[in-house]
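Participant: next come a sequence and a model predicted from it.
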Amino acid sequence: MSPPRRPRARQQRGRSHVGERFEAEVGPVAHGGHCVARVPTGSAGDETRVVFVRHALPGERVVVEITEGTEGDRFWRGDAVEIVSPSPDRVAPPCPYAGPGLCGGCDFQHVSLAAQRGLKAEVVREQLRRLARLDVEVTVEPVPGDQEGLGWRTRQRYVTLPDGGRGMRKHRSHEVVPVDECLLESAVGPSYEVRGTSFAVADGGFWQVHPGAPEALVGAVLEALAPRPGEAALDLYAGVGLFSRFLLDAVGAGHAGGRVCAVEGDAAAVRLARRNCPGLRATAGDVGAVLATEYDEPFDLVVLDPPRVGAKRKVVEQVVDRRPRAVAYVACDPAALARDVAIFGEHGYRLVSLRAFDLFPMTHHVECVALLEKTGSDLR
């Protein structure tokens, strides 16, 4: 999961409404860890403004305090500071630092775990409907390795305070809330062993923070692609070779035609991928730039595991040019996934299956593995 982006300084567009309070009915969940509500803005109550509300649940009636918003903005942001009519899915947050004006690390501590997964599934469905014009059933699956949604972050960063204490930042802010501990933090560090194979990872290098994530994602990708001996696979945004290692086993690097090639932007990760995956041909560089000049032969299989912004059109169209029979797309952002699925659709690739995993409990983040295949293929 990429680190959270800091908000840009926003130009004032008229009178500020920050601090104003409105009672409102909460609408559907939206991408980003909030729900949609409308508050009256006209003097006669006949005008409304969309507000993205944190710490709320669909169907609740709440008092919203505006945290960002001026007269000229299309929408405002706010916190549910009072719950007038609670949802049956509302629970007491286990962490004392979760709530309006406090730590911004968790979006859904006030929601039961089952309901959190339902909200995430609805966000994935909505993004696919809106951006890819697809109606897909989505179930967010729990993953072993957390304790009722807590204790899963095997890597954690705090802000060091002047007095030597530690803190966490507020939502969309540089302000820091002092904390004694984060309940998401695991008591143990990351394990770099998957399916009996140990991986070399640089200090501070990327590795999934949920202890159950590597096994869940490897299993989903291999199940989706069903690699065969002798096939050629291309692993894009390959990191230290998590998927490449098991693809090599499946296609048989020593088998006639069997090969795996990888592209990764971090040169240090590429060096480790070569160590982790004997027989791997790996190139360091921007994926789009590398594909423009290398690996231009056909591939049977492609794994895409891009950063939060997704692969985007340039990379998707270069993947399509390799004419793979199947593409496994690992996505940490539902909107980027849906956009790229739509681009694949323009080139005759359809979404065959999608699995979603709750790798980031108590937050709005969700990981998906989508399988795309060429329309009309008789390979499945």
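Facilitator: Arrived safely.
Participant: so how far is the longest helix along the chain off the chain centroid?
Facilitator: Looking across the chain with DSSP state H, the single longest helix is helix 113-132. Computed by Cα atoms, centre = their mean, to the nearest Å, the chain-centroid distance of helix 113-132 equals 12 Å.
Participant: try stretch 250-268
Facilitator: 25 Å.
Participant: what kind of secondary structure is the closest residue to V194 other than its chain neighbours in?
Facilitator: Nearest residue to V194 in three dimensions, chain neighbours excluded: P214, at 4.6 Å (Cβ to Cβ, 6 or more residues apart in numbering). All C-beta atoms are positioned from the backbone trio N, CA, C, and that covers glycine. Classification of P214 using DSSP: H, G, I helix; E, B strand; the rest coil returns helix.
Participant: before we move on, what about P96?
Facilitator: Under three-state DSSP, P96 comes out as coil.
Participant: in this structure, which segments are predicted with low confidence?
Facilitator: 1-12, 42-45, 253-255, 377-380 (pLDDT under 70).
Participant: quick check: domain ranges of it?
Facilitator: 1-88, 125-146+189-374 (automatic domain parsing).
Participant: quickly compare those domains and say which is most buried.
Facilitator: domain 125-146+189-374 (a mean of 19; mean count of other Cβ atoms under 10 Å).
Participant: ok, back up a step: any idea how far S244 is from the residue nearest to V194?
Facilitator: Using Cβ to Cβ, to the nearest Å, P214 is found at 13 Å from S244.
Participant: likewise for E346?
Facilitator: 28 Å.
Participant: assumed E223 was part of a strand.
Facilitator: No - checked against three-state DSSP, E223 lies outside a strand; its state is helix.
Participant: and it, how far is that from C95?
Facilitator: E223 is 35 Å from C95, by Cβ to Cβ.
Participant: next one: A224
Facilitator: Distance from A224 to C95, counting by Cβ to Cβ: 35 Å.
Participant: what of A336?
Facilitator: The spacing between A336 and C95, counted by Cβ to Cβ, is 29 Å.
Participant: do the same with H31
Facilitator: Separation of H31 from C95 (Cβ to Cβ) stands at 23 Å.
Participant: mind listing the helices in this structure by residue range?
Facilitator: Using DSSP H, the helices of the chain run over 113-132, 213-225, 242-251, 267-276, 287-293, 312-321, 334-346.
Participant: name the nearest residue to E65, sequence neighbours excluded.
Facilitator: Setting aside the residues directly before and after it, E65 is nearest to V81 in space (Cβ to Cβ, 6+ apart), at 4.6 Å.
Participant: how near is that neighbour to I66?
Facilitator: Taking Cβ to Cβ, one finds V81 at 10 Å from I66.
Participant: quick one: common contacting residues for those two?
Facilitator: Common contact partners of V81 and I66 (Cβ atoms under 8 Å, 6 or more residues apart in numbering): R21.
Participant: quick revisit: between the domains of the chain, which one is nearest to C106?
Facilitator: Closest approach to C106 among those (Cβ to Cβ): domain 125-146+189-374, 4.4 Å.
Participant: ends of that closest one, how far apart?
Facilitator: Distance between the two ends of domain 125-146+189-374: 22 Å, counting by Cα to Cα, to the nearest Å.
Participant: returning to that earlier point: the residue nearest to V194 and Q208 touch, don't they?
Facilitator: Yes - in this structure P214 lies within contact range of Q208 using Cβ atoms under 8 Å: 5.4 Å.
Participant: any chance you could map the strands in the stretch 1-150 of the chain?
Facilitator: Ranges of strands in the stretch 1-150 of the chain, per DSSP state E, counting those that start in this stretch, are 21-30, 34-40, 48-54, 61-68, 75-85, 140-141.
Participant: what would those strands look like in TSV with distance to G164?
Facilitator: TSV is the format used below for those (distance: least, Cβ to Cβ, whole Å):
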stretch	distance to G164
strand 21-30	37
strand 34-40	34
strand 48-54	30
strand 61-68	30
strand 75-85	30
strand 140-141	39
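Participant: of all those, which one is nearest R313?
Facilitator: strand 21-30 (24.8 Å).
Participant: neighbours around S173, how many?
Facilitator: 13 (other Cβ atoms under 10 Å).
Participant: that one - nearest residue in space that isn't next to it in sequence?
Facilitator: G104 is the one closest to S173 (Cβ to Cβ, 6+ apart), at 6.9 Å.
Participant: so who does the one you found touch?
Facilitator: P4, M168, R169, K170, H171, R172, S173.
Participant: cool, L161 as well?
Facilitator: By Cβ under 8 Å, 6+ apart, the neighbours of L161 are G167, V176, P178.
Participant: T197 contacts S244, correct?
Facilitator: No - under the criterion of Cβ under 8 Å, T197 is not in contact with S244, lying 11.3 Å apart.
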